[in-house]
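Chemist: Coordinates for the following, if possible.
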Amino acid sequence: MRRALGIAVGLALIAAALSPLPQAQASCVTEARKCQEKPLIGVELTAGAVSRPDAGGRVSYTLDYSMTWTPSFAPYWGAFWVGGRFPKGARGPTRAVLLDATTGGRLAVLRCREHSDGVWCAAGSRVPHRGRIVFTTRLAPGADATARLGFDSFEGLGREEAGRRLSRAQARERFCNHRFTTTVTTTPAP
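Modeler: Predicted coordinates:
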């Protein structure tokens, strides 16, 4: 009798586990996964630029960064996009250069695209924990130029997901998103 009761309870638990969650409960589970208060991967930034570029001239923005990964027993991965809002009327950048923090050597060239919230370059998941990123753009003549640059970080990825090249829209739908930015201002030549 005990064995039959144990089997019945076991089957009931399996059926409950396999049944789909009600809609309200399902969205709650999804939201809880995406919404940590503190990011697992923190990014500290320092930005700079040529202080007085020639009117209509080129300017190089540098973004020095350092990542802090929260200690955890469970492995986790992140995917990163670098860039942000460049000055109004600026052309580019179409690419960014990732440099090693200690040697200054070139590690990668990142392709950039314009998005609704700025120009972002796909850095992927294999970004060193410290480095420098250089963006070169051509400013519109005559106006003060303020850029808001930084990292768009997506975390909570698995090993397979970190190896894939997801678009920003796909990553935003599926993973927790944190943005780290800083402001850089340049003034035109007199």
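Chemist: now residue 173, what's its secondary structure?
Modeler: Per DSSP: H, G, I helix; E, B strand; the rest coil, the local secondary structure of residue 173 is helix.
Chemist: So which elements touch the host helix or strand of residue 170?
Modeler: With secondary structure defined by DSSP states H and E, residue 170 is part of helix 168-174. Packing partners of helix 168-174 (3 or more CB pairs under 8 Å, 6 or more residues apart in numbering; DSSP states H and E): strand 145-157. All C-beta atoms are positioned from the backbone trio N, CA, C, and that covers glycine.
Chemist: Show me what the strand it packs on pairs with in its sheet, parallel or antiparallel.
Modeler: Strand pairing for strand 145-157, determined by DSSP bridges: strand 77-85 (antiparallel), strand 176-186 (antiparallel).
Chemist: any idea which of these is most buried?
Modeler: Neighbour counts (mean count of other CB atoms under 10 Å) averaged over each of those peak at strand 77-85, with a mean of 24.
Chemist: The lowest-mean-pLDDT helix or strand in the chain: what's the following helix or strand?
Modeler: When each helix and strand of the chain is scored by mean pLDDT, DSSP states H and E, helix 23-34 comes last, with a mean of 36. Remark: after helix 23-34, the chain's next helix or strand is strand 41-49, criterion DSSP H and E.
Chemist: What helices and strands are in contact with the very next helix or strand once past that following strand?
Modeler: The first helix or strand that comes after strand 41-49 along the chain, using DSSP H and E, is strand 58-69. Where contact means 3+ CB pairs under 8 Å, 6+ apart, strand 58-69 is packed against strand 41-49, strand 130-138, strand 145-157, strand 176-186.
Chemist: Reformat those as CSV; add distance to residue 107 and mean pLDDT.
Modeler: Output for the helices and strands packed on strand 58-69, formatted as CSV (distance: least, CB to CB, whole Å; pLDDT from 0 to 100):
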stretch, distance to residue 107, mean pLDDT
strand 41-49, 17, 90
strand 130-138, 7, 92
strand 145-157, 16, 85
strand 176-186, 20, 88
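Chemist: Deepest-packed of those strands, please.
Modeler: Mean neighbours per residue, mean count of other CB under 10 Å, is largest over the helices and strands packed on strand 58-69 for strand 145-157, with a mean of 22.
Chemist: Let me know the angle separating that strand from strand 58-69.
Modeler: 30 degrees (axes from the mean of the first three to the mean of the last three CA atoms, to 10 degrees).
Chemist: can you tell me which of the helices and strands packed on strand 58-69 comes nearest to residue 75?
Modeler: strand 145-157 (10.2 Å; CB to CB).
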